[in-house]
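Enquirer: return atomic coordinates for the entry below.
(2 chains)
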Amino acid sequence: MDRRSFLTRLGAIGCTAAASPLITPVALAAGPWDNRLVVIILRGGMDGLDVVRPVGDPNYAALRSTMAEGDVPFDAGFYQFHPNLAPLAPLWADGSFGAVHAVSTPYRDQRSHFDGQDILEAGTSDTNASRHDGWLNRMLQVVPGVTTETAYAIGQEQMLILQGDAPTNRWSPDARLQLSAQAHRLLDVVVHDDPLFRNAMGQAVVITDQLKADAENIEAITENMMGDSMMAAVTGGNHTKLAEFAVTRLLGESRIASFSLGGWDTHQDQARNIPRALTALSDTILTLRAGLGPVWEKTAVLCLTEFGRTARENGTRGTDHGTGGALLYAGGALRGGQVTGAWPGLAEADLYARRDLMPLGDVRATAGLVMQGLFGLNRDVIESAVFPGLQMAESPNILL
Amino acid sequence: MSFDPYVAVIRFGMGLSPHRATPARAEDLLAEVSGPDAMAAAHVLPPYAEAEPSLRTQAAANSARHRAKGTDAFDELDRRVNDLRKEALAQQERNLRATYSRAIDSTYGFRERLTAFWADHFTVIMPGGNRRHLVSPYIEEAIRPHVGGRFADMLRAVETHPMMLIYLQQVPSVGPNSQSGQRSNRGLNENLAREMLELHTLGVGSGYTQTDVRELAELLTGLTFSNSEGRFFDPKRAEPGAETVLGVTYSEEPDLDVIHAVLDDLARHPKTAQHLATKLAQHFVADDPAPELIAAIASAYTETDGDLMACYAAMLSHPAAFAQPAQKIRQPFDFIVGGLRALGLQSADIASFDTKEYRRYLFNPLRLMGQSWQRPTGPDGWADRAEDWIIPQTMAGRISWAMGVPRHLLDPLPDPREVVHWALGPNAAPEVIFAAGSAETPREGIGVIFASAAFNRR
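Expert: Numbers count the residues shown, from 1 in each chain, chains lettered A, B, ... in the order given. Predicted structure coming up:
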């Protein structure tokens, strides 16, 4: 059955599964806290100036002559959102989608995807710092009661953000494993002395066993999405599978999920190329919202990218690697319906290095604020252990 | 520790096979690379210039169809476009088959490993089914002939190759003050210049600046590609004036020679020697290799002006190359090849697979193990540390292949107690020998061998 007919079938059943007895028990499972955090890494460098367009800035139109097309789906006066985010209009209206503008990581000048992503996920201020330890993992290291179920890295992509000494889990929805009892026992023998293999295999077996046992729950969870008119816009594909798997975990014991979405490196023909990435992103957010149901009210989704892009279009109707950009967020646990952040202006003298949007805020400050608000972490813990050296005071308030 | 023939084939080659000799000394491995390319002759892959359907052929078919809109000829021309698309997919399959065949049939497989290493170093990714079949021909043309030669020659071939110009967006880059730039409002694209410095030569954090990137991007303007002309130098796009890259100022008269000159200088840069030596040692020997090993390779590079054979010789003759306990992970492609070789299979045995079998046993499993064929996520290629390859879902992919695929490849399956020695060599880990002999079926016996940590590390 393809995805559309699946959704249609769910739509035909009606809206009763929200009260399904299968959902309630998992939702009550224990975790260090009850709130949920989803961090989506937008790989490639999302162009904040195109996604959240500062149309109120007098210099904007001239900088972006080939990218201004399309209906405005919703706006915040000074800012208009990209037409392909139209499916998120209801979330904007109910206050569960918003943006922080003119922010970045501390990464400057080199504009490399790989270093930019490393800095974003490591949560450090330079590339020389520990590159194999991510900030979500460091956060887990300071919280009591964390188990391997607490946090999930999802998908085939490596997620540095969750790598480190705290136990975390990783899975990709397309992985399968079927083993006889004897084969399982012998596999234990041949990986026993190698911790990397022992752990990877152990987790693979645990997760596939769980997924079999959870089959009924997953069915119920996806049924929870039925009848949701917003889901009609969802296109399916790998990204929705990531989001669906995240839902199954977050309705269970997991409190943190992270995965990545690509397609943002729009050097060329951006007006034609960025819609696909935006549609995948809105699909993902809508899938999380529909799947999480009432848990959506306890959920924060942060969409972070390694850098913004050049203020000016390049010679090929695209944009090159830049500095400042936008942070998108969603979830009922956050105060949406707003675009916050100080605005630096787009006059040539206001730009960073006369080419990029000047970042006035640090994305880590926003992430820190969300962890403070949702998980009750102390500010000095965030400023020392999670994001060493960060000053959080400057973050705009996106908490309820 | 000195040279070990089994470690040599497993760590630097494609794995042991009952049909292949083991090398007696490091020179045997080197001779496989410097001698005639027997595998390229046995399993032919077209170089880019001869690969079909070429971009030119496709462009011609597309425009013929476009011109025929509304006429009787349209249907046939539309079929022609669709046929070319199918032909491109078929060529992509032949590319992977030939790459497998070479790896399986090679004596030791050192040349195949090196070709993969340099192809990853100079990663080109082609999205879309109508171009992906040209990646292997790019490797065949720009990389493979230089694997046993000088780095500077490989660098020239790669950085001016149509596939690289397309992938890293050099094609649309135009000097803002050039004739075309002044007329058209188009401008510079820095992508190729940036990756050239960051990934291909000096390496990230090696001291170059944004100004160097921009100057290099300006220097590269004029270097472009079109479907009809192929790669060419277009003076009308070239930014006028001299450019200074890493302190060297290049001629004001832009042409391909100036681009060759800057590439030669980048190849000769001490940071490039350091970067390439580190990558070679990290790929072949250990994630965190001994600094002396890196230094030995780097000084061989510097002393010979970038002779790659000298670098490989320095690596293979260094004690750390063999003293290092098996730490690196067999990448998914090498994992499958190593399994096929240990099972005693040769290329003829997989040649009879139809497309469905080939996808099921040799193509799709690569994705499940985290190495979708020729599709890494970016120009930096595959992340190659042990923890990048061995995570739960990709471990599930390895176990599934080990347990599920060999029984489709040969019937009856060989005795796992024999296979274990071809998989691991004469000093096989005792726990794997035990497990191979204790399985309930040959299928599971072979499965636990290939899923073992001992087989996956090299």
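Enquirer: and the strand or helix carrying B:Asp349, how far out from the chain middle?
Expert: In this assignment (DSSP states H and E), B:Asp349 forms part of helix B:347-351. On the basis of CA atoms, centre = their mean, to the nearest Å, helix B:347-351 sits 22 Å off its chain's mean C-alpha point.
Enquirer: buried residues, the helix or strand that it is followed by. List them.
Expert: Once helix B:347-351 ends, the next helix or strand along the chain (criterion: DSSP H and E) is helix B:355-358. Neighbour-count burial for helix B:355-358, with 16 or more other CB atoms under 10 Å in any protein chain shown as criterion, is recorded at B:Tyr358. (Glycine included, C-beta is placed from N, CA and C.)
Enquirer: name the helices or strands packed onto helix B:355-358?
Expert: helix B:74-105 (3 or more CB pairs under 8 Å, 6 or more residues apart in numbering or on different chains; DSSP states H and E).
Enquirer: circling back: give me the contacts around the helix holding B:Asp349.
Expert: Defining contact as CB atoms under 8 Å, 6 or more residues apart in numbering or on different chains, one finds that helix B:347-351 is touched by B:42-43, B:97, B:100-102, B:104-105, B:340, B:358, B:361-362, B:409-410.
Enquirer: mind listing what's buried in that helix?
Expert: By neighbour count with 16+ other CB under 10 Å, helix B:347-351 contains the buried residues B:Ser347, B:Ile350.
Enquirer: stretch A:163-182 too?
Expert: For stretch A:163-182, the buried set under the neighbour-count rule, 16+ other CB under 10 Å, comprises A:163-164, A:166-175, A:177, A:179.
Enquirer: those: which ones sit near chain B?
Expert: Contacts with chain B are made by A:Gln163, A:Asn169, A:Arg170, A:Trp171, A:Ser172, A:Asp174, A:Ala175, A:Leu177, A:Leu179 out of these, judged by CB under 8 Å from any CB of the partner chain.
Enquirer: mind giving me the packing neighbours of the helix ranked longest in chain A?
Expert: Ranked by number of residues, the top helix in chain A under DSSP state H is helix A:270-292. If contacts are counted by 3+ CB pairs under 8 Å, 6+ apart, helix A:270-292 sits against strand A:36-42, helix A:48-51, helix A:238-250, strand A:256-261, strand A:299-305, strand A:325-330.
Enquirer: what about the strands in chain A?
Expert: Assigned by DSSP state E, chain A shows strands spanning A:36-42, A:52-53, A:80-81, A:97-104, A:151-154, A:169-171, A:256-261, A:299-305, A:325-330, A:339-340, A:361-362.
Enquirer: which bits of the stretch 351-458 of chain B sit near chain A?
Expert: So the stretch 351-458 of chain B meets chain A at B:367-368, B:370, B:377-378, B:380, B:383, B:386-388, B:390-397, B:399-400, B:403, B:429, B:431-432, B:434-435, B:438-440, B:444, B:447-449, B:451-454, B:456-457 (CB under 8 Å from any CB).
Enquirer: what strand or helix carries B:Phe263?
Expert: That one is not Phe; residue B:263 is Leu. Per DSSP H and E: B:Leu263 is located in helix B:256-268.
Enquirer: which strands and helices sit next to that helix?
Expert: Counting by 3+ CB pairs under 8 Å, 6+ apart, the packing neighbours recorded for helix B:256-268 are helix B:151-159, helix B:210-220.
Enquirer: the ones you listed: which one's closest to A:Ser258?
Expert: helix B:210-220 (30.5 Å; CB to CB).
Enquirer: starting at the chain centroid, how far to that closest one?
Expert: Chain-centre distance of helix B:210-220: 27 Å, with CA atoms, centre = their mean.
Enquirer: keeping just the C-alphas, turn that helix into CSV.
Expert: The C-alpha coordinates for helix B:210-220 follow below in CSV (Å, rounded to 0.1, in the frame of the first residue of the first chain):
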residue,chain,number,x,y,z
GLN,B,210,38.7,33.5,2.4
THR,B,211,40.7,35.8,0.2
ASP,B,212,42.7,32.9,-1.1
VAL,B,213,39.4,31.1,-1.9
ARG,B,214,38.1,34.0,-3.8
GLU,B,215,41.3,34.7,-5.7
LEU,B,216,41.5,31.1,-6.7
ALA,B,217,37.8,31.2,-7.8
GLU,B,218,38.6,34.2,-9.9
LEU,B,219,41.7,32.5,-11.3
LEU,B,220,39.6,29.5,-12.3
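Enquirer: what does the stretch 251-400 of chain A put close to chain B?
Expert: Where the stretch 251-400 of chain A comes near chain B, counting by CB under 8 Å from any CB, the residues are A:Gly262, A:His267, A:Gln268, A:Asn314, A:Gly315, A:Thr316, A:Asp320, A:His321, A:Ala353.
Enquirer: of those residues, which is the most crowded?
Expert: Most neighbours among these, by other CB atoms under 10 Å in any protein chain shown: A:Asp320, with 26 neighbours.
Enquirer: that residue against B:Ala193, yeah?
Expert: No: between A:Asp320 and B:Ala193 there is no contact under CB atoms under 8 Å: 11.0 Å.
Enquirer: got a list of what the nearest residue to A:Ala246 once chain neighbours are set aside touches?
Expert: The spatial neighbour of A:Ala246 that comes closest, neighbours along the chain excluded (CB to CB, 6 or more residues apart in numbering or on different chains), is A:Ala257 at 4.1 Å. Neighbour list for A:Ala257: A:Arg36, A:Leu37, A:Val38, A:Val39, A:Ala151, A:Tyr152, A:Ile154, A:Ala246, A:Arg249, A:Leu250 [criterion: CB under 8 Å, 6+ apart].
Enquirer: just checking, the third one touches A:Leu302?
Expert: Translated: A:Val38. Yes: contact criterion CB under 8 Å: A:Val38 and A:Leu302 qualify, at 7.3 Å.
Enquirer: okay, the two: which has more neighbours?
Expert: Set side by side, A:Val38 and A:Leu302 show more neighbours around A:Val38, with 27 against 23, by other CB under 10 Å.
Enquirer: state the pLDDT value of that one.
Expert: On the pLDDT scale, A:Val38 is placed at 98.
Enquirer: same check on the one 10 residues further on?
Expert: What the model reports for A:Gly48 is a pLDDT of 98.
Enquirer: for A:Asp194, same thing?
Expert: As predicted, A:Asp194 sits at a pLDDT of 96.
Enquirer: what about the residue nearest to it when sequence neighbours are not counted, how many neighbours?
Expert: Spatial nearest neighbour of A:Asp194, excluding adjacent residues (CB to CB, 6+ apart): B:Ala453 at 3.6 Å. By the criterion of other CB under 10 Å, B:Ala453 has 23 neighbours.
Enquirer: quick check: the residue of chain A nearest chain B.
Expert: Relative to chain B, the nearest point of chain A is A:Gly315 (3.1 Å; CB to the nearest CB).
Enquirer: and the most centrally placed residue in chain B, what is it in contact with?
Expert: In chain B, the centroid-proximal residue (CA atoms, centre = their mean) is B:Ala119; its distance is 2.6 Å. For B:Ala119, the contacting residues are B:Ile139, B:Ile143, by CB under 8 Å, 6+ apart.
Enquirer: rewinding a little: surely the residue of chain A closest to chain B meets B:Glu190?
Expert: No: the criterion here is CB under 8 Å, and A:Gly315 misses it with B:Glu190 at 10.8 Å.
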